[in-house]
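Enquirer: need a 3D model of the sequence below.
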Amino acid sequence: MHTKWTDEELAIVEEMACLYTVKQIAYRLKKRGYTRLTSAIQNKLRFLGYSARPILDNYNCCEIARVLQLNSATVWSWVKKGWIRTTRRDGRYHQIKSKDLKQFLQNPPQRIKKRIAAIDKDAIEYLVGGLG
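Expert: Residues are numbered from 1 along each chain as shown. Okay, the predicted model is just below:
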């Protein structure tokens, strides 16, 4: 059985969506007397248009490509060329910190400056909090 989300629960989730992981949101809801499964919180975050990633500061190439509406091979080629700094996770997977992505988007190589400038500013804000 599904319990309808209260306005207060939704306000709490939206307030915490960009700052906390799903587990942290569940814990804070529980402290305020609400009980929600982490899967329910993940679904609600996605429905509301927020990320439900477990680590808020790291991305992979596919996540960046999806948000910026690019091909993942494009983002991967930027990584291979050394334009975006990454750290390895589990040997073959790369993580891109939002600060490194922001640095790349602020100072892209000359030959792709126009392409970067054409990317939706809201998508950039979602990933790195703006370039200003």
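
Enquirer: which other helices and strands contact the helix or strand harbouring residue 74?
Expert: According to DSSP states H and E, residue 74 maps onto helix 72-80. Helices and strands touching helix 72-80, by 3 or more CB pairs under 8 Å, 6 or more residues apart in numbering; DSSP states H and E, are helix 61-68. For every residue, glycine as well, the C-beta is placed using N, CA and C.

Enquirer: which outside residues touch the helix it packs on?
Expert: Residues outside helix 61-68 that contact it (CB atoms under 8 Å, 6 or more residues apart in numbering): 53, 70-72, 74-76, 79, 94, 96, 101, 119-120, 123-124, 126-127.

Enquirer: for that helix, the distance to its chain's centre please.
Expert: With CA atoms, centre = their mean, to the nearest Å as the basis, helix 61-68 stands 9 Å off its chain's centre.

Enquirer: which parts of the helix holding residue 74 are buried?
Expert: 75, 76, 78, 79 (16 or more other CB atoms under 10 Å).

Enquirer: pLDDT added to those, as TSV?
Expert: Shown next, in TSV, are the buried residues of helix 72-80 (pLDDT from 0 to 100):
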residue	pLDDT
75	93
76	93
78	95
79	94
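
Enquirer: what are the contacting residues of the helix holding residue 74?
Expert: By CB under 8 Å, 6+ apart, the residues outside helix 72-80 that reach it are 61, 62, 64, 65, 66, 68, 84, 86, 94, 96, 104.

Enquirer: ranking those by neighbours, who comes first?
Expert: Sorting the contacts of helix 72-80 by how many neighbours each has (other CB atoms under 10 Å) puts residue 64 first, at 25 neighbours.
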